[in-house]
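only geometry, no sequence info:
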């Protein structure tokens with residue numbers, strides 16, 4: 001979270017990759033009330049500073065640059 005905050009403050013690119021959707025990440029990191037707040041902030045920060053997600057199916061990685 002501190003790294004994402006600093007990069008966002010300085011308008012630096014943020015690359016985020018996961019096998020989980022943002023909704024799943026928020027659920028996974030919401031183990032208690034305090035964690036739920038951080039999880040929501042994390043997901044909001046990623047959404048705010050990201051473009052439309054790119055989904056890559058297994059085996060098509062080499063076609064990203066086409």
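Received, thanks. Quick caveat, the model's predicted, so the values are computed rather than measured.

okay, residue 7: pLDDT?
With respect to pLDDT, residue 7 scores 85.

show me the contacts for it.
With contact taken as C-beta atoms under 8 Å, 6 or more residues apart in numbering, residue 7 is in contact with 13-14, 49. Placement of C-beta: from N, CA and C, glycine included.

7 Å instead?
Shown in contact with residue 7 (C-beta atoms under 7 Å, 6 or more residues apart in numbering): residue 14.

scan the chain for its longest helix.
Using DSSP state H, we find that the single longest helix of the chain is helix 33-48.

quick one: buried residues of that helix?
Neighbour counts over helix 33-48 (16 or more other C-beta atoms under 10 Å) mark 39, 42-43, 45-46 as buried.

angle of the lowest-mean-pLDDT helix or strand in the chain against helix 33-48?
Ranking every helix and strand in the chain by mean pLDDT, DSSP states H and E puts helix 2-9 at the bottom, with a mean of 86. Going by axes from the mean of the first three to the mean of the last three C-alpha atoms, to 10 degrees, helix 2-9 is angled at 40 degrees with respect to helix 33-48.
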